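need a 3D model of the sequence below.
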Amino acid sequence: MTGDVYSIGGGTFLFELDLADSLPLASYVEIAPADGSDRYLGQIESATIDESVGASTGSTRTVKGRGTLLSRLGSGDADELGDDVFAGATMTQAKPSTVAAYQDGVNSGHASLSIGNVQRFSDVPAGLRADGFGRHTFLCGQSGSGKTYTLGVILERLLLETDIRIALLDPNSDFVNMGSIRPQSGAGFSQEEYQAFEARYRAVSPGIHVFGGEGSARRLRAKFGRLSFEQQSMVLGLDPIRDPQEFNAFVRIVRRLDDKDYRLDDILDEIRSSFDEDGRRLGLRIENLGIAQQSIWAGSNQSVMDGLPDDWRMIVADLGSLDNAEGSIASAAVLGSFWERRHARQPLLIVVDEAHNVCPRTPTDANQALATELMIRIAGEGRKFGLYLLLSTQRPAKVHPNVLSQCDNLLLMKMNSASDISELSEIFSFVPPSLIELAAGFGLGEGLAAGKIAPQPVLFRSGRRLTLEGGSDVPSTWAQQRS
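Below you'll find the predicted structure:
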């Protein structure tokens, strides 16, 4: 290419090229220094157009930019590139085989999750480092970006390639079919690929357990007595300052019960057996609010964590099958149960789809506030106990900042909102802003991965998903031309 490519150290390179020779942002390039020394693989991270006007040359446009040196070609060594200095180099687009070799080297020694292919290289797999999910991850994309489909692909690969357990809070019932395999005709795999993939997934699927509302094979239930006292008070709408008499009556009843599995009916029985006026008002509160009649309560039945086999791999809490109040209670109950079990140090990936519904910037009720508080606690302290978050949402601005700021991985899909892109650039400052800005031009299923899951940012296109999506848009047949 015409122009100049050089490095003054620091593991980066600078370039100035004729506009006709420019390459898109995030392109992989091969760099050959003029002195014939080591050749390099690099990635373009930023570029600007410079226009100048000369008396004899007229208007000329050049592209100036910078990138990161990824490896020495032939050696794959990227450990000491910070000391490399060169000038007068040429730069060409990297061959697919070169990029594939680099991707293999980056993931060597680590379980890799193949989630599709590298954009612009259909034959080069895009792999995420599985151990990178040991840091909190944020997946963001607007409606119609392929975010939910891509999350399903990632969860399938985590189930297949790792041993980590997954707990999924599913507000829109999009992942209730994680244990159901689509037929080959609708999967897009070749027969050989499908048979191999299906056989492996069938071995995993018995460990997937879906819990939902009324009519579900497994009911999403919580035991009132196992909730924290704080959450019990929130469920009853009690405040120690605003409702001192009723709150104190509740405290005394709980002390008398002294049983982790007590039910709301047990509290009502205690109230009926006494002649306490404060207790009577507490009973009226419970009956007037209809709390005891909510389907979320396990009563004498099993809660979500009761009766699970020791080898379970995935729990899907179908919050979409509950009303909003019960969904908030269930979210807080599930999160609280895992937080209470944190000292077991059993690695667990807590996936929250539509995270703005579970840990919003501004909670709308007491139970949502408690779920948000638990999420903040897990985000800040969970990693040392093996509790990792994977949050998915359309609008980062609606997620509580104390949760979002703890994320070290970014999976970004199509985003048109300039304000959201700007906010993401500030939060994920380790990603070049110019790459985040590419999100506005992504197509369906295209995205950017960066952080511990992708030490060098990679543009990907989602691969095929084996399981069935649970949610879908309303068919647009109403817009077809009438005959």
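
ok, the residue nearest to residue 249 when sequence neighbours are not counted - contacts?
Nearest residue to residue 249, sequence neighbours excluded (C-beta to C-beta, 6 or more residues apart in numbering): residue 278, at 3.9 Å. For every residue, glycine as well, the C-beta is placed using N, CA and C. By C-beta atoms under 8 Å, 6 or more residues apart in numbering, residue 278 lies in contact with 245, 246, 248, 249.

starting at the chain centroid, how far to the helix or strand encompassing the first one?
Going back to what we said before, that points to residue 245. In this structure, residue 245 sits in helix 244-257 according to DSSP states H and E. Put simply, helix 244-257 sits 40 Å off its chain's centre (C-alpha atoms, centre = their mean, to the nearest Å).

just the buried residues of that helix, please?
246, 247, 249, 250, 252, 253, 254, 257 (16 or more other C-beta atoms under 10 Å).

for these, which one is nearest residue 385?
residue 254 (27.4 Å; C-beta to C-beta).

thought the closest one was touching residue 227?
No: using C-beta atoms under 8 Å, residue 254 is not in contact with residue 227, being 11.1 Å away.

am I right that the residue nearest to residue 249 sits in a helix?
Yes: assignment of residue 278 by DSSP: H, G, I helix; E, B strand; the rest coil places it within a helix.

just use 371 as the starting number from now, easier for me
Sounds good: first residue 371 from here, last item residue 648.

ok, and the closest non-adjacent residue to residue 501?
Residue 501's closest residue in space is residue 480 (C-beta to C-beta, 6+ apart), at 5.6 Å.

how near is that neighbour to residue 822?
As defined by C-beta to C-beta, to the nearest Å, residue 480 lies at a distance of 11 Å from residue 822.

sketch out the low-pLDDT regions of the chain for me.
Confidence mapping of the chain against pLDDT under 70 gives the ranges 371-373, 422-429, 445-449, 556-557, 629-630, 670, 841-846.

what residues go with each domain of it?
Using automatic domain parsing, the domain parsing of the chain gives 373-464, 482-592+672-841, 594-663.

picking that back up, now do the shared contacts for residue 480 and residue 822.
With C-beta under 8 Å, 6+ apart as the test, residue 480 and residue 822 both reach 499, 501.

so the two - more neighbours on which side?
Neighbour count, other C-beta atoms under 10 Å: between residue 480 and residue 822, residue 822 has more, with 16 against 13.

what sits against the more buried one?
Residue 822 touches 499, 501, 502, 503, 504, 505, 778, 779, counting by C-beta under 8 Å, 6+ apart.

quick check: phi and psi at the nearest residue to it once chain neighbours are set aside.
Sequence neighbours aside, residue 502 is the residue nearest to residue 822 in space, at 3.6 Å (criterion: C-beta to C-beta, 6+ apart). Dihedral pair for residue 502: phi -70, psi -20, per degrees, to the nearest 10.

measure residue 502 to residue 634 for me?
43 Å.

any idea how far residue 520 is from the residue lying closest to residue 558 once chain neighbours are set aside?
Distances taken as C-beta to C-beta, 6+ apart put residue 834 closest to residue 558, at 4.5 Å, once the chain neighbours are dropped. The gap separating residue 834 from residue 520 is 11 Å, by C-beta to C-beta.

closest to residue 469 among the buried residues of helix 614-627?
Nearest to residue 469 among these is residue 624, at 61.5 Å by C-beta to C-beta.

how close does the closest residue to that closest one other than its chain neighbours sit to residue 666?
Excluding its sequence neighbours, the residue lying closest to residue 624 (C-beta to C-beta, 6+ apart) is residue 599, at 6.9 Å. Noted for residue 599: a distance of 18 Å to residue 666, by C-beta to C-beta.

and for residue 833?
Going from residue 833 to residue 666 by C-beta to C-beta gives 37 Å.

more neighbours: those two, which one.
residue 666 (22 against 18).

verify the stated contact: that one with residue 590.
Yes: with contacts counted by C-beta under 8 Å, residue 666 reaches residue 590, the gap being 7.1 Å.

the helices in the protein, which residues?
Using DSSP state H, the helices of the chain run over 466-476, 517-531, 554-557, 561-574, 599-605, 614-627, 634-642, 647-659, 694-710, 736-751, 771-774, 788-797, 803-806.
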